[in-house]
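**Q** Fold the stuff below for me.
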Amino acid sequence: MGFTEAVRTVLTQKYATFSGRAPRSEYWWFQLFYWLVGMALLTANFLVTGGLRPQEVGIFPIIGGLLSIAVIVPQISLQVRRFHDRNISGWWYLGLLVSCLIPFVAILSIIAIFVINVLRGTEGPNKFGPDPLRPEARAEVFA
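**A** Sure thing, here's the model as predicted:
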């Protein structure tokens, strides 16, 4: 899955889809898109305000805040589908997010989420759906 296909899939086809699986490429391409847009807004704000002037709030921080609100549901659904690709329930993601509220445990939770995102997904179908990289592969139940 390429950059534009990943962004299109997350923002249009699977905006609030919490079922199924998401391959690593879909997750990381969308993260790159999100960070590039954020950096572009930050740079534009820096150029328009002429540097760091906290008393002048431009339009770009407002646009960035609206972007964050608009993308929170696709981010969470993508993360849940990424957990599903590792054959882990999405409820674990909620548990890790809640544990981020506890000091010092937050570091371990963030590391756990990162490691899950980096690891390869389950090969072949699992309980959350077919393999997104090879959807034609079938599970042999009675082999």
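
**Q** in the protein, which spans are helices?
**A** Using DSSP state H, the helices of the chain run over residues 3-8, 24-49, 59-85, 90-99, 105-118.

**Q** Show me what the longest one is packed against.
**A** For helix 59-85, the packing partners by 3 or more CB pairs under 8 Å, 6 or more residues apart in numbering; DSSP states H and E come out as helix 24-49, helix 90-99, helix 105-118. Placement of C-beta: from N, CA and C, glycine included.

**Q** For these, give me a markdown table that also has distance to Ala16 and mean pLDDT.
**A** Shown next, in a markdown table, are the helices and strands packed on helix 59-85 (distance: least, CB to CB, whole Å; pLDDT from 0 to 100):
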| stretch | distance to Ala16 | mean pLDDT |
| --- | --- | --- |
| helix 24-49 | 14 | 90 |
| helix 90-99 | 13 | 94 |
| helix 105-118 | 20 | 94 |
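
**Q** and of those helices, who's closest to Arg134?
**A** Nearest to Arg134, of all the helices and strands packed on helix 59-85, is helix 24-49, at 13.4 Å by CB to CB.

**Q** buried sites along that closest one?
**A** Arg24, Glu26, Tyr27, Trp28, Trp29, Phe30, Phe33, Tyr34, Leu41, Asn45, Thr49 (16 or more other CB atoms under 10 Å).
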